[in-house]
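In: Pasting a predicted model and its sequence here:
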Amino acid sequence: MARDLARSGARVSILEQGSGPPPGTNLLKLLRRKEAMQIAPGVVLLRSLRVGGGSVTFYHTATPPPLALFARHGVDLSAPLEQVLSELPHAPLRPDLMAPVASRLMQAGQSLGLPWQPLPKMIDQSHCHDGSCPPEAFWSSHRLLQQAVKAGAHLHTGVQVLRVLFSQGRAVGVEARSNGALQTFPAGRVILSAGGIASPAILQHSGVEQAGNGFFCDPLRIVMGHLPIARAPQEISMSAGYFDADAGYMLSDITIPGNFFRAFTWAAGRPDQLLSYGHTAMIMVKIRDDIDGRIDTHGRPWRRFGAADRHRMQAGVTQARAVLRAAGSGKPYVSPWVAAHPGGSVRLGELVDENLNCHSPNLHVCDASVIPAAWGLPPTLTLLALGAYLARRISQ
């Protein structure tokens, strides 16, 4: 969005709370940085407060948006999606790039009659050789930020936006904390893209009290089991899998860092598997959870998962166990619940209109907050399409 607006001639400033490289996988550090937070009893939400956001830590799965869901609210994402796809790699992973464990899980799923297939990935596979891909093959929004800056946008890091400022019913800028001091950034138009947790908190501080009333967080569990084959040193996670729209869950292979594996294995009561990281196959079960709970003015989300959510998760875990057994694992076990990509907290059709306006004609929200219903999908392509859509609307 910033890139397209800058290219259209607009003066653009990007205010980013984070800075620097990806945060790593130390859970204590993530908690201190608020990149991990408890959102329900025993459930931790992971997010990325970095330049580039979640695109520097995600698994590059290119799932197209459900166009009909947005069309019902007057948002036609078809042309913006075509624009995004014309710029980004989005092909299913080549067979030679799929790790042995991922291939075995796919074969096991197919033997059970499941529609388990290679997933489209945002990876430029022309750079990949000898079964591996260099870092430059993996897409991230850093490329778009570089293009935005080249087109004249200004990127400010270490700036935490606190609230939107209004005068006579119009947004006139934002108040933010920068280098420990309060600072005002004037603007003729304000676009919140702080994510499903921070955007509603900013709106509440700005007088939009309904923001943050309910959200989804796409919770997941990881079903793990020992296999007689070794995992590759650098596997591409979420190589293959499938969505069961009726049951409300997604299954795919996944690779998690070793310290997360040991924490999950210990929590699952399987100390006998703590040294089996190299021979453990992992299946992610991610569900489409109901919109519930509340995000407060401090950006603290809290909710409980109801019977329908627990039923979806149990159904997905049962299916994942069956796939692992079909692949040759004897006693699969399950991680605690973890949450990913929160959204639906400033919903389209309720607080946001077809121009992504909220509360004021020149205040927009453009991130996962505006997704109008329960989700359960990798959101990256949807968010990119929304950004292209809003840039077109503003430019016109």
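Out: Received, thanks. Numbers count the residues shown, from 1 in each chain.
In: make it CA atoms for all contacts and neighbour counts henceforth
Out: Noted.
In: in the chain, what residue sits furthest out from the centroid?
Out: Using C-alpha atoms, centre = their mean, the residue of the chain lying farthest from its centre is Gln168. It sits 35.9 Å away.
In: That one and Leu192, how far apart?
Out: When distances are taken as C-alpha to C-alpha, to the nearest Å, Gln168 and Leu192 turn out to be 20 Å apart.
In: cool, Leu275 as well?
Out: Note on Leu275: its distance to Leu192, by C-alpha to C-alpha, is 45 Å.
In: cool, and Leu49?
Out: 15 Å.
In: higher neighbour count, these two?
Out: Neighbours were tallied for Leu49 and for Leu192 using other C-alpha atoms under 10 Å; the higher tally belongs to Leu49 (23 against 20).
In: quick one: pLDDT of the residue lying closest to His279 once chain neighbours are set aside?
Out: If you skip the residues right next to it in sequence, His279 has Ala230 as its closest partner in space, 4.8 Å away by C-alpha to C-alpha, 6 or more residues apart in numbering. With respect to pLDDT, Ala230 has a value of 87.
In: same check, this time on Leu324
Out: What the model reports for Leu324 is a pLDDT of 98.
In: Which positions within the helix or strand harbouring it qualify as buried?
Out: Assessed by DSSP states H and E, Leu324 sits inside helix 307-327. Under the neighbour-count criterion of 16 or more other C-alpha atoms under 10 Å, helix 307-327 has 309, 312-314, 316-317, 319-327 buried.
In: can you pull the pLDDT of the residue farthest from the centre of the chain?
Out: What the model reports as pLDDT for Gln168 is 93.
In: Pop out the phi and psi values for it.
Out: Comment: the main-chain dihedrals of Gln168 come out as phi 50, psi 40, following degrees, to the nearest 10.
In: same deal with the one 4 residues further on?
Out: Here is the backbone geometry of Val172 (degrees, to the nearest 10): phi -120, psi 0.
In: Now do the helix or strand hosting Ala281: distance to the chain's middle.
Out: Using DSSP H and E, the secondary-structure element containing Ala281 is strand 280-287. Here the centre of strand 280-287 is set off from its chain's centre by 16 Å, with C-alpha atoms, centre = their mean, to the nearest Å.
In: Go through it and flag the buried ones.
Out: Residues of strand 280-287 classed as buried under the neighbour-count rule (16+ other C-alpha under 10 Å) are Thr280, Ala281, Met282, Ile283, Met284, Val285, Lys286, Ile287.
In: cool, stretch 1-12 as well?
Out: By 16+ other C-alpha under 10 Å, the buried positions in stretch 1-12 come out as Met1, Ala2, Arg3, Asp4, Leu5, Ala6, Arg7, Ala10, Val12.
In: any idea how far the fourth one is from Leu81?
Out: Relative to Leu81, Asp4 is positioned 14 Å away (criterion: C-alpha to C-alpha).
In: what do these two both touch?
Out: Ala388 (C-alpha atoms under 8 Å, 6 or more residues apart in numbering).
In: Please enumerate the helices of the stretch 51-200 of the chain.
Out: Across the stretch 51-200 of the chain, reading from the start of the chain, the helices by DSSP state H, counting those that start in this stretch fall at 67-71, 78-87, 100-111, 142-150, 195-205.
In: do you know which of these lies nearest Ala339?
Out: Taking C-alpha to C-alpha as the measure, the helices of the stretch 51-200 of the chain were each checked against Ala339, and helix 195-205 came out nearest at 12.4 Å.
In: Within its sheet, name the partner strands of the following helix or strand past the closest one and how each one runs.
Out: Next helix or strand after helix 195-205 toward the C-terminus (DSSP H and E): strand 213-215. Neighbouring strands of strand 213-215 in its sheet, by DSSP bridges, are strand 292-295 (antiparallel).
In: about what we covered before: orientation of the strand holding Ala281 relative to helix 100-111 in degrees?
Out: 60 degrees (axes from the mean of the first three to the mean of the last three C-alpha atoms, to 10 degrees).
In: Dump strand 280-287 to PDB, restricted to CA.
Out: What follows is the C-alpha trace of strand 280-287 in PDB, where atoms were taken according to Å, rounded to 0.1, in the frame of the first residue of the first chain:
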ATOM      1  CA  THR A 280      10.200 -36.400  14.600                       C
ATOM      2  CA  ALA A 281       7.600 -35.700  12.000                       C
ATOM      3  CA  MET A 282       5.200 -32.800  12.800                       C
ATOM      4  CA  ILE A 283       1.800 -32.000  11.500                       C
ATOM      5  CA  MET A 284       0.200 -28.600  12.200                       C
ATOM      6  CA  VAL A 285      -3.500 -28.600  13.000                       C
ATOM      7  CA  LYS A 286      -4.900 -25.100  12.600                       C
ATOM      8  CA  ILE A 287      -8.600 -24.300  13.200                       C
END
